[in-house]
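Q: sequence and predicted model, in that order:
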Amino acid sequence: MLKTFSRGGVHPPENKLSDSSGIQILPPPQRVTIPLSQHLGVPAKPVVDRGDPVKTGQIIAKGDGFVSSNIHSSVSGKVLKIDNELDPTGYKRPCIVIDVSGDEWQENIDQSANLVKEVNSDSESIISKIQEAGIVGLGGATFPSHVKLSVPRGKTAEYLIVNGVECEPFLTADHALMLEKGKELMIGIQILKKALKVSKALVGVENNKPDAINHLTNLARNHEGIEVLALKVKYPQGGEKQLIKALLNREVPSGGLPVDVGTVAFNVGTVFAAYEAVQKNKPLFERVVTITGISIRNPSNFRVRIGTPISDLIEAVGGIPDDTGKIIMGGPMMGKAIGDVTIPVVKGSSGILLIPEALSKRRKIQSCIRCTKCITVCPMGLEPYLLMPLSQKEMFDRLEENKVLDCIECGSCSYICPADRPLLDYIRLGKANVSKIIRSRKSS
Amino acid sequence: MNKVITVSPSPHIYGDYSVNKLMLGVVIALIPAFVVSVIMYGIGAIIVTFISIGSCVLFEYLIQKYVLKTEVRITDGSAIVTGLLLAFNLPSNLPWWIIIIGSLVAIGIGKMTFGGLGNNPFNPALVGRVFLLISFPTAMTVYPKAQGWNTPYIIAAEDIDTFTGATPLALIKNGIKSGKGVNELLEASGLHYNDLFFGNIGGSLGEIAAFALIIGLIYLLIRKIITWHIPVSIVGSVFFITGALWLFSTEGHEAILNFMNLKLPVIQYQDANATVTLFHMADPVFHVLTGGVMLGAIYMATDYVTSPMLPRGMIIYGVMIGVITVTIRIFGSYPEGISFAILIMNGFTPLINRYVKPKRFGEEVKNG
């Protein structure tokens, strides 16, 4: 029996169309738009001015405070402007726009393909290098990695959890990375283990990627304290809490963090970025992005500079299909629909998914028949059928009582609902309102 | 780009469940029982079923279109299921106009007054059935005997004795009232447990064949349309409660004495005339196979809208239905009580949902 998390979950069609594409390199675009807020926390403060020349990998904005992150130029060229531009949230927010000329990298970055095996830094210098490099969680949550690595006083980490699950349908960026950069990942894991001062690392990969599981298992034989585990395919196993439950049968307490159960979890993309930052002095300014969709001719994975407009990615796979009705940044279950192709790729973009028009519209809402499917699939043990009307009727105390804040917004309830009710829409609204109430309660 | 792009919150894909498919699944699961009823009761079963389905769908359409003036949603299939289940709870010789009244009550009062599908607190088919049982007690309790295709739909007055008879439950209940033992009664009627299992008995048209209903149950479980909790807890509690009572009845006493030479006491009770009577009772297998237990447990009590949401709640609900059913059967004035039991527990469903909560993730921290 393969391991998996115990409660809830769904299994949507996997549609991993870009599985065999490998990682292709997308050359720098003509102009990049780099948002100052690509991480959870306070936006970074620009340290360059309009007209300044910049090199690839040069810091252009500094993290403002502890829970914030540095931003580096992904190209060489000249700063055109610092202005409000559309970013993946769909709003105009501060961005640094750079006109590209050539591709001149910072001198201290090791551009060679050599594998640097020896980890010479100690825990503190690893964490500070990761902070300097502006690394955030690349699985999508974009939480600054240096904050996660600084285990709070009074708590101890026991395991490093490496997330190679990639449970979202369509996305294959992590899969491709595991296949092509396995050796680097192993060293990245050793680096993060050293930073956390733990001796054991568990790598969770879903069983629909047997080649990646074999590859990593073989590599892990030469490394101490790394175990690769195949997991049963079930969404949302890539959720931090679900993955920890699946691997260790530990439940992160409601409102708690993984470190409360002795674990710290990182996505494989983040592990690779940590390797490059610590061993190669390379800050986070590019990432692997899947570009996929049923109507796309060659769904592929690209190594893309941060700030590249997604129209460039779509052009690289043969242009936008005529039937496109929806553009999603991320996977189909948790990704964000965007309304404009000028929006740039950011640190948290794992994929671009184009959905045909026929499948892009919501179905008609029917009455809840209380079939209990939403409760059955909820991985957090919530009752979406109840939370939706409570949110509609603004009964916030009962929403709080029924643990609305535990919702991880995986969308399993809306996915399964036979009456096509927009359960998650209203639960999100309820969450936002309840958090507001709790904040005002705390401040008064 | 001059295209219209949809922007909506996630998720962006949907599963292939729909209300129609779930309802269609229930209809498919009821086909074996329908086939048995046609074999046993002939043309009457077909007539009753189609009048019931037709009038339920028609009333839903008329009410949605002309009374509520809302969108007509008869295509969701819920009215078909209500009509089918109502028919399954009726005798196969029930006059057509009574069926139409039953459908009007089921759809009109049981369902649409509360706002239609999803909002009704009580199972609409049972509301219709119980309304008819109280309003037309004779018509609703004279059941045709299982005599196959030759059974006419309209039974002439002089043929009443040839074609109709009591249900096994009524036979036993009335017999015990007149002081007879169960074994004696069963022998006199020539009833075998095979007949109970395969439906060769008198009764409502859909409730008679336990095996056909169980085939439907297996289908519903495989398709994950329902879970085992409600049917198993109802049938299980009926079995265990009647079993426990039976052990201390005259019949159970004898059976245990013959089987393992163990003497169990027999319950005795006094009636109003202070006559001491020994307690007589049929065995638990009889109680599970007769009457509406199977039909009720598998199809009526599991109605999504009116049953609890969580496994623990479903078990509380199921066990209570079993308790009330047995209480009515043994101590009440009706021979069968599952319709009432389900309706009573439908009333408790919101309360059960309010207090039975799922185990939240991270509620108890496990480290191991």
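A: Ah, there it is.

Q: B:Lys173 contacts B:Pro335, correct?
A: Yes. Applying CB atoms under 8 Å, one finds B:Lys173 in contact with B:Pro335, separated by 4.3 Å. No exception for glycine: its C-beta is placed from N, CA and C like everyone else's.

Q: what do the two both touch?
A: The contact sets of B:Lys173 and B:Pro335 overlap at B:Arg329 (CB atoms under 8 Å, 6 or more residues apart in numbering or on different chains).

Q: quick one: B:Val266 from B:Gly175, how far?
A: Look at B:Val266 and B:Gly175: by CB to CB, to the nearest Å, they are 18 Å apart.

Q: what's the answer for A:Glu14, then?
A: For A:Glu14, the distance to B:Gly175 (CB to CB) stands at 63 Å.

Q: next to chain A, which bits of the stretch 151-300 of chain B? Give me the list.
A: Contact residues, the stretch 151-300 of chain B versus chain A (CB under 8 Å from any CB of the partner chain): B:Thr227.

Q: what ranges does chain B have for its strands?
A: Remark: strands assigned in chain B by DSSP state E are B:143-144, B:164-165, B:268-270, B:276-278.

Q: take the ones you listed and write them to JSON lines, including mean neighbour count.
A: What follows is these, written out as JSON lines (neighbours: other CB atoms under 10 Å in any protein chain shown):
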{"stretch": "strand B:143-144", "mean neighbour count": "25"}
{"stretch": "strand B:164-165", "mean neighbour count": "18"}
{"stretch": "strand B:268-270", "mean neighbour count": "10"}
{"stretch": "strand B:276-278", "mean neighbour count": "12"}
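
Q: any chance of those in CSV with mean pLDDT as columns?
A: Putting the strands of chain B into CSV (pLDDT from 0 to 100) gives the following:
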stretch, mean pLDDT
strand B:143-144, 85
strand B:164-165, 78
strand B:268-270, 76
strand B:276-278, 75
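
Q: chain neighbours aside, what residue packs nearest to B:Val67?
A: Excluding the flanking residues, the one nearest B:Val67 by CB to CB, 6 or more residues apart in numbering or on different chains is B:Met112, at 7.5 Å.

Q: distance to A:Lys197 added to the strands of chain B, as JSON lines?
A: JSON lines is the format used below for the strands of chain B (distance: least, CB to CB, whole Å):
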{"stretch": "strand B:143-144", "distance to A:Lys197": "78"}
{"stretch": "strand B:164-165", "distance to A:Lys197": "83"}
{"stretch": "strand B:268-270", "distance to A:Lys197": "76"}
{"stretch": "strand B:276-278", "distance to A:Lys197": "79"}
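
Q: show me the one of those that comes nearest A:Val288.
A: Among those, strand B:143-144 comes nearest to A:Val288, with 71.2 Å by CB to CB.

Q: given that closest one, what are its sheet partners and their directions?
A: Partners of strand B:143-144 in the sheet, by DSSP bridges, are strand B:164-165 (antiparallel).

Q: measure A:Arg398 to B:His253 for me?
A: A:Arg398 is 54 Å from B:His253, by CB to CB.

Q: tell me which of the two has more neighbours.
A: Between A:Arg398 and B:His253, counted using other CB atoms under 10 Å in any protein chain shown, the more crowded position is B:His253 (20 against 15).

Q: distance check, the more buried one against B:Val326.
A: The gap separating B:His253 from B:Val326 is 19 Å, by CB to CB.

Q: nearest residue to the residue nearest the centre of chain B other than its sequence neighbours?
A: For chain B, B:Gly296 is the residue whose C-alpha lies nearest the centre (CA atoms, centre = their mean; 2.1 Å). For B:Gly296, ignoring the flanking residues on the chain, the nearest one in space by CB to CB, 6+ apart is B:Ile338 at 4.0 Å.

Q: next: A:Gly9.
A: A:Lys234 (4.2 Å).

Q: now A:Gly256
A: Spatial nearest neighbour of A:Gly256, chain neighbours left out: B:Gly362 (6.8 Å); criterion: CB to CB, 6+ apart.
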